[in-house]
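Visitor: This is a predicted model, with the sequence first.
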Amino acid sequence: MNRAHERRLRLLLLPYVVGIGLLFVLPALLSFGLAFLRYDALNPPRWAGALNFTLARTDELFGLSLTNSLALVLLPVPARVFGAFLLAWLARRGRLRDLLRAVIFLPSAIPASAFALTWLWILNPLYGPLNALLGSLGLGQPGWLADPQWARPGIILALLWLVGEGFLVSLAALYDVPRDLEDAAAADGAGPWATLRHVLLPLLAPVLLLLCARDAVLLLQDSFTTTWLLTQGGPYYATYTLPQFIYEAAFDRLDFGVAAAALWALYVLTGLLVALVYVVARQWGVGTSEEDFLL
């Protein structure tokens with residue numbers, strides 16, 4: 001590849017880089033400066049130093065929102081990633097593979113508001129189809145979103161259905177695996193599950209690692225829409241998350257400095273989760289270089 005062709009390829013990335021800078025990097029830097037100011041959008045900003053970080057840290061709702069956010073990330077992410085991979089493995093062959101792929105991806109294509117309202121009906125403790133099914137089987141019928149003990153499991157159950165993008169990535173990765181490897185495992189007497197466990201999972205571990213990091217970042221920052229429409233943080237703050245704390249600090253109390261400080265706490269937490277995934281990958285001996293992700 002000559003240098004002129006390489007420069008043209010880099011120019012193709014220029015609109016993307018400009019968009020990232022204007023829509024993500026610049027607002028993040030402005031919010032960092034805002035975290036050191038007392039500002040309510042009505043009066044001129046005043047220097048506050050680290051006061052906003054102290055106010056956010058000492059707020060009881062901040063600690064509660066942090067705990068709930070971590071629970072909505074650490075529990076669903078492994079289940080979503082492994083579930084997407086398992087569904088991709090089951091859907092890559094068979095007569096109904098096209099129908100199965102459409103059914104799996106469909107929830108991810110639905111707007112977040114419509115998806116949340118659908119689950120608001122499904123998890124209705126009195127008239128919802130899920131409790132009707134549990135009752136017909138002679139099982140208990142939880143209060144779900146109306147019960148503080150079941151509200152968080154209800155939201156986690158809804159989030160487990162959003163595996164469409166991870167499913168497509170896993171499916172593409174499985175199609176890139178040479179068929180000779182599976183044929184060799186079958187020739188050695190390995191069944192489908194043994195091939196999945198000892199051949200496909202180790203081979204595609206870097207892809208699953210990437211999906212774990214992506215899902216952790218996505219759920220931590222994008223859980224606001226689902227939790228707000230389903231429970232608005234209730235009942236009794238059982239599903240009150242960090243994005244909701246930031247939203248209320250900024251637009252309910254007009255305390256933009258505290259909201260910016262909490263936002264940077266969210267950024268730090270996101271970075272720590274990605275670092276945790278990286279450390280786990282290194283402990284398991286999973287490579288993270290570009291060559292490791294190429295099958």
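Guide: Perfect, thanks for sending it. Numbers count the residues shown, from 1 in each chain.
Visitor: what's the spacing between the nearest residue to V207 once chain neighbours are set aside and P206?
Guide: Leaving aside its sequence neighbours, V207 sits nearest to A173 (C-beta to C-beta, 6 or more residues apart in numbering; 4.5 Å). C-beta here means a position set from N, CA and C on the backbone, and glycine is covered the same way. The gap separating A173 from P206 is 9 Å, by C-beta to C-beta, to the nearest Å.
Visitor: repeat for L23
Guide: 29 Å.
Visitor: ok, the two, which is more surrounded?
Guide: Shown here are L23 and P206; by other C-beta atoms under 10 Å, P206 has more neighbours (21 against 10).
Visitor: Look at D180 and say how many residues are nearby.
Guide: 8.
Visitor: meant to ask about D188, not that
Guide: 9.
Visitor: Tell me the confidence at it?
Guide: pLDDT, D188: 78.
Visitor: got the phi/psi numbers for it?
Guide: phi -80, psi 0 (degrees, to the nearest 10).
Visitor: just T239 next, same as before
Guide: phi -120, psi 30.
Visitor: mind listing what A79 touches?
Guide: Neighbouring residues of A79 by C-beta atoms under 8 Å, 6 or more residues apart in numbering: L160.
Visitor: how about the helices of the stretch 1-150 of the chain, start to end?
Guide: Listed in chain order, the helices of the stretch 1-150 of the chain (DSSP state H, counting those that start in this stretch) span 3-12, 14-20, 26-34, 51-58, 60-74, 76-91, 97-109, 112-122, 129-136, 148-159.
Visitor: could you dump those helices to CSV with mean pLDDT and distance to A185?
Guide: Listed next are the helices of the stretch 1-150 of the chain as CSV, based on pLDDT from 0 to 100; distance: least, C-beta to C-beta, whole Å:
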stretch, mean pLDDT, distance to A185
helix 3-12, 81, 39
helix 14-20, 89, 41
helix 26-34, 91, 47
helix 51-58, 92, 53
helix 60-74, 90, 33
helix 76-91, 90, 14
helix 97-109, 84, 21
helix 112-122, 91, 39
helix 129-136, 93, 39
helix 148-159, 92, 34
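Visitor: I'd like to know which of these is closest to V217.
Guide: helix 60-74 (9.0 Å; C-beta to C-beta).
Visitor: quick one on the thing from earlier: against which helices or strands is the helix or strand that contains the residue nearest to V207 packed?
Guide: Under the criterion of DSSP states H and E, A173 resides in helix 164-176. Here helix 164-176 touches helix 76-91, helix 97-109, helix 205-230, going by 3 or more C-beta pairs under 8 Å, 6 or more residues apart in numbering; DSSP states H and E.
Visitor: So for L126, which of these sits nearest?
Guide: In terms of C-beta to C-beta, the element of these nearest to L126 is helix 205-230, at 15.9 Å.
Visitor: and the closest one, how far out from the chain's middle?
Guide: 0 Å (C-alpha atoms, centre = their mean, to the nearest Å).
Visitor: now what about the following helix or strand past it, what contacts it?
Guide: Per DSSP H and E, the first helix or strand lying C-terminal to helix 205-230 is helix 242-251. With contact meaning C-beta under 8 Å, 6+ apart, helix 242-251 is reached by 56, 59, 61-62, 65-66, 68-69, 220-221, 223-224, 227-228, 233, 255-256, 258-259, 262-263, 265-266, 269.
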